[in-house]
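>>> predicted structure and sequence below. I'll ask about it afterward.
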Amino acid sequence: MDPHRIYEIRCPVHGYIALNDWERQIISHPAFQRLRRIRQLAWTDHVYPGAMHTRFEHSLGVMHTATQLYDSIVRNARAVLRGELGYDDAGFRRNRQLVRLAALLHDVGHAPFSHASEELFPDQENGGGKYVHEQYSAAIVRGPLGEAIEDHKLNQGNYAFTANDVAALIEGSAGAKQGIFWRDLITGQMDADRMDYLLRDSHHAGVQYGRFDLHRLISTVTAIPGVQGGPPRLGIDYGGWHAAEALVLARYFMFTQVYFHKTRVAYDIHLREAMKDLLPGGHFPKPFPVELDEYLKWDDWRVLGMLSEGKGGEHGERLRTRNHYRLVYQTNEVQSEKDRENLRRVRETLGDLIAAEMPAGKNWYKLDDSDIAVYRNEDGQTKVAPLSEYSNVVRHLGKNDQILVYSLPERKRDALKKVEEAIHGLE
Amino acid sequence: MDWSERQDARLAVITELVSRAPSGHVGRTALMKFCYLLQTVRGVPLGYRFTLYSYGPFDSSVLSDLGTAESLGAVRSNVVYHSGGYGYRISKGDSSDMALRNGAEFLEKHRKDIDWVLDLFGSHGSAELELESTIVYVDREAARNREGLTFDELVQRVRDVKPHFGEDFIREKVTVLREQGLLKSCSSAATATG
C-alpha cells in the first residue's frame, strides 16, 4: 500500500474532502467508525426530518475546514507566526498535520445522540464537575486510537507525533506546548467546528439560518501580533468583518430556530431521562482505559434497540409515541429583572405542573461571547478592534438567557391557564 | 445547587469582583483569571470548566455570564484601546445591588475567598495574571496526573506553552506562587536552581 496516496471523500457541504493514507487508516478504526452511529443533532429529525446526519461526516468536515483556516492564516500572517512562534517550513507542515488530526478526532468521544446525553457523564474525582466529551475524545485518542496514530509510516518518517500530542490539543493541556496556539481552530470563537456544524446542520435540516460566507471568512482569517507580552491571537482582517458578522448571526438564528427549538429541547429531555434508565447506575462509564471499551459500545443503534424493546421507562415510552412535554411558558431572550420576576411567579403558580425547565445557558450550542478581533492595516497604521466596533448588529445582540418551561402534554391546558393567572396577576 | 442557583451565584461573584476591584474596574482577562483561581485554588464551586489556551486557562461560560450580568445592568462594559490592541473596562452597573442580593448567601459563604483573590491578585496586570494562572493550571494538571515536578520542570512546562514570557519572569512567579503555598505538584521541598 502506498503511504503517500491521497484519497477523496464526497461531502454534501464542502465537495471533496482530501485525506492521506494515515488519516484514512485512523478513520477506518472502529472507534472512529462508531461516529457513523452517533447522530449530530439527536432527535431533531422529529422537527426537521432531514436532520439525520452523523458525527462522522461532521468530523471530516471539521478537519477540512480547519485545514483551510490553517492554510489561510499561514498565508496571511506567515511573518507573524515565524517571528512570534518561531516556525520554519517544517514547523508549518508539522502543525498543519497536528491541527488536521485534532480536528478529525475532536468529537470521537461523543456519547449516543451527541450532546443530548452528556449530562449523564460521571462526576470527576477532583470535584471539577462532570466529565465532558472532549475528555472522552482525548482518552480514546491516547488509548484505542493510539496505535493508528503513532505507527503509520507517514508519522514515523515525518512527524513522530505521539497520541498524547493530539490528545493534548483536543483537551487543552500543557502537553500541547506551543501548539496550543492552534486550539482556537478546534474550539474557539472562530473554530472550524462551529463553521462546519452551522453549514452542515442547515443543509440537512433544510433551513437557511446557518449560512454565511465561509470562503470569505477563510480567506480573511489571520494571526494578529501579540501585545503587551501576550501571544498572537486569531482574528479577522478588516475586509472580512461582514463575513464574521454573518457567522455571529448564523449562530444566533440557528440557536433560536434549531438548537433551542422547543420540541427539540423536549426530546433532549426525554432522551436524557430514558438514557438514565438504560445506563447501569444511570451514567456512562468513565474515560479511563479499563472502562473505555464499555463506553465505546454505547451508540445510537444500541440505545434505539433498547428503546424499541420497550426499555427506557416513562421517557422511553414518550419517545416511542411522540408524546413529548409541551411548552407552556418562555421568558424573553434577553432577560430583564421584570422577566425574572415573571418567571418566579410562573414557577410559584404552576408548582408541580412544571415537568421540566430548560435554560438557554445550559444548551451546548448556547450563544456565548461574540468578540472577534478585527485587524486593520492601512498605510502602515494598524488597528485591532472588536467586531462590535464595526457591526451595529453585533453590538446590540444581547445575551440570550431564555428559559423554556414545560408541562406534561395531558396537563398543558391547566398549565397554560395558570400561566395566564400568574402573568395577569402582575399587571 | 441547581442551575438557576448556580447562575445567581456566578453573577453575584462577577459583580462582587468588579465592584471591589482596587481600581474600580477590571478587564476580561482579570475577571477570567480571578474566577479560575477562586475555583481551582480556593475550591469555590462556580462550576466552570477551564481548559488551556495560549492565553491561559479559559472558559467561555465566564464571558457568557458576564454578558448576562451586563444585560441585567449588574455590570457595564466599555472597550478601551491601547497600542496594538484593545481590552474591556468592566465596572459596576446601576443594578449591581440586585445581583449581589440574589447571590448574597453564596457571597457570604465565600467572602474570604474573594478577599483572598483580590488581595493577592487584584492589582496584577492582565499579562501577569495570564502567566500566574497558567502556572497554576500546569501545576494542577501535573498533580492530577500524580506527577511530582521539580521547580525547573515546572518552569520548562510553562515556558513550553508561554514562550512569550522570559524565563526569569516565569521563575520569579513560580517562586512566589510556591511560597504562597498555591502549588501542588511542585512542592516547596523541591530545589529552585538556576
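Yep, that arrived.
>>> residues near whatever residue of the stretch 301-427 of chain A ends up closest to chain B, how many?
With Cβ to the nearest Cβ as the measure, A:K399 is the residue of the stretch 301-427 of chain A nearest to chain B, at 3.4 Å. Using the backbone N, CA and C atoms, a C-beta is placed for each residue, glycine as well. In terms of burial, A:K399 registers 24 neighbours under the definition other Cβ atoms under 10 Å in any protein chain shown.
>>> ok, it touching A:L367?
Yes - if you go by Cβ atoms under 8 Å, A:K399 and A:L367 touch, sitting 7.2 Å apart.
>>> between those two, which contacts overlap?
B:S64 (Cβ atoms under 8 Å, 6 or more residues apart in numbering or on different chains).
>>> okay, and the spatially closest residue to B:D94 that is not a sequence neighbour sits in which element?
Counting by Cβ to Cβ, 6 or more residues apart in numbering or on different chains, B:G73 is the residue found nearest to B:D94 once chain neighbours are left out, at 5.2 Å. Using DSSP states H and E, B:G73 falls within no helix or strand.
>>> and the gap between B:G73 and A:D21?
B:G73 is 58 Å from A:D21, where distance means Cβ to Cβ, to the nearest Å.
>>> mind listing what the most centrally placed residue in chain B touches?
By Cα atoms, centre = their mean, the mean C-alpha position of chain B lies nearest to B:K33, the distance being 1.9 Å. For B:K33, the contact set (Cβ under 8 Å, 6+ apart) comprises B:56-57, B:121, B:129-130, B:132-133.
>>> which of those residues fall in helices?
Assignment to helices by DSSP state H places the following of the contacts of B:K33 there: B:121, B:129-130, B:132-133.
>>> nearest to A:H261, of the residues you listed?
Distance from A:H261 was checked for each of the ones in helices among the contacts of B:K33 by Cβ to Cβ. The minimum falls on B:S133, at 37.6 Å.
>>> that closest one against B:Y53, yeah?
No - contact between B:S133 and B:Y53 fails when scored by Cβ under 8 Å: they sit 11.0 Å apart.
>>> the two: who's more crowded?
When B:S133 and B:Y53 are compared for neighbours, B:S133 comes out ahead with 26 against 22, by other Cβ under 10 Å.
>>> pLDDT score for that one?
We have a pLDDT of 98 for B:S133.
>>> also the one 10 residues further on?
According to the model's per-residue confidence, B:A143 sits at a pLDDT of 93.
>>> that one against B:S185, yeah?
Yes - B:A143 sits in contact with B:S185 when judged by Cβ under 8 Å, with a separation of 4.2 Å.
>>> which one's more surrounded, these two?
B:S185 (21 against 17).
>>> circling back to that earlier point, now restrict the contacts of B:K33 to buried residues only.
Among these, those that count as buried by neighbour count (16 or more other Cβ atoms under 10 Å in any protein chain shown) are B:56-57, B:121, B:129-130, B:132-133.
>>> now do the strands in chain B.
Counting by DSSP state E, chain B has strands at residues B:25-26, B:51-53, B:56-58, B:75-82, B:85-92.
>>> give me the sheet partners of the third one and which way each runs.
As defined by DSSP bridges, the strand partners of strand B:56-58 come to strand B:51-53 (antiparallel).
>>> flag every buried residue along stretch A:88-100.
By neighbour count, with 16+ other Cβ under 10 Å as the criterion, the buried positions of stretch A:88-100 are A:92, A:94-95, A:97-100.
>>> quick one: which of these is nearest to A:V419?
For those, with A:V419 as the reference and Cβ to Cβ as the criterion, the closest is A:V99, at 49.2 Å.
>>> coming back round to it: pretty sure the residue nearest to B:D94 contacts B:S95?
Yes - shown here, B:G73 and B:S95 form a contact pair, counting by Cβ under 8 Å, at 3.6 Å.
>>> okay, these two: which has more neighbours?
Taking B:G73 and B:S95 together and counting by other Cβ under 10 Å, B:S95 has the greater number of neighbours (18 against 15).
>>> so who does that one touch?
When contacts are counted by Cβ under 8 Å, 6+ apart, B:S95 touches A:337, B:72-74.
>>> 6 Å instead, please
With contact taken as Cβ atoms under 6 Å, 6 or more residues apart in numbering or on different chains, B:S95 is in contact with B:72-74.
>>> do B:S60 as well
Taking Cβ under 6 Å, 6+ apart as the test, what B:S60 contacts is A:D368.
>>> relative to A:G188, how far out is it?
Here B:S60 is placed at a distance of 8 Å from A:G188 (Cβ to Cβ).
>>> what is the burial count for the nearest residue to B:R6 once chain neighbours are set aside?
Spatial nearest neighbour of B:R6, excluding adjacent residues (Cβ to Cβ, 6+ apart): B:G47 at 5.3 Å. By other Cβ under 10 Å, the residues close to B:G47 number 17.
>>> try A:Y197
Counted with other Cβ under 10 Å, the neighbours of A:Y197 add up to 26.
>>> swap in A:E291?
Each residue near A:E291 was counted by other Cβ under 10 Å, and the total is 14.
>>> and if you look at A:D107?
Residue crowding around A:D107 was assessed by other Cβ under 10 Å; the count is 24.
>>> which element is the closest residue to A:E171 other than its chain neighbours on?
On the basis of Cβ to Cβ, 6+ apart, the spatially nearest residue to A:E171 that is not a chain neighbour turns out to be A:A138, at 4.0 Å. Using DSSP H and E, A:A138 sits within helix A:133-142.
>>> and the nearest residue to A:G235 once chain neighbours are set aside, what does it touch?
The shortest distance from A:G235 to any non-neighbouring residue, by Cβ to Cβ, 6+ apart, is to A:A373 (3.4 Å). Counting by Cβ under 6 Å, 6+ apart, A:A373 touches A:224, A:235, A:384.
>>> which of the residues you listed has the largest number of neighbours?
Within those, A:G235 tops the neighbour count with 27 neighbours, counted by other Cβ under 10 Å.
>>> near chain A, which residues of chain B are found?
For chain B, the residues found near chain A under the criterion Cβ under 6 Å from any Cβ of the partner chain are B:3, B:47, B:49, B:51-54, B:60, B:63-64, B:67-68, B:71, B:79, B:84-86, B:127, B:138, B:141, B:157, B:160-161, B:163-164.
>>> which one of the residues in the stretch 151-300 of chain A is closest to chain B?
A:G172 (3.1 Å).
>>> skipping its backbone neighbours, what lies nearest that residue in space?
In space, and not counting its chain neighbours, A:G172 is closest to B:T51: 3.1 Å by Cβ to Cβ, 6+ apart.
>>> quick check: that neighbour vs A:L249, distance?
Noted for B:T51: a distance of 27 Å to A:L249, by Cβ to Cβ.
>>> now swap in B:V161 and tell me
34 Å.
>>> re the thing from before, from the ones in helices among the contacts of B:K33, which is closest to chain A?
Lowest distance from chain A to these (Cβ to the nearest Cβ) belongs to B:E130, with 6.9 Å.
>>> is it true that the closest one touches B:P57?
No - B:E130 lies out of contact with B:P57 (Cβ atoms under 6 Å); the separation is 9.0 Å.
>>> just the helices in the stretch 51-200 of chain A please.
Counting by DSSP state H, counting those that start in this stretch, residue ranges of the helices within the stretch 51-200 of chain A are A:55-85, A:89-105, A:133-142, A:146-150, A:153-154, A:163-171, A:183-186, A:192-205.
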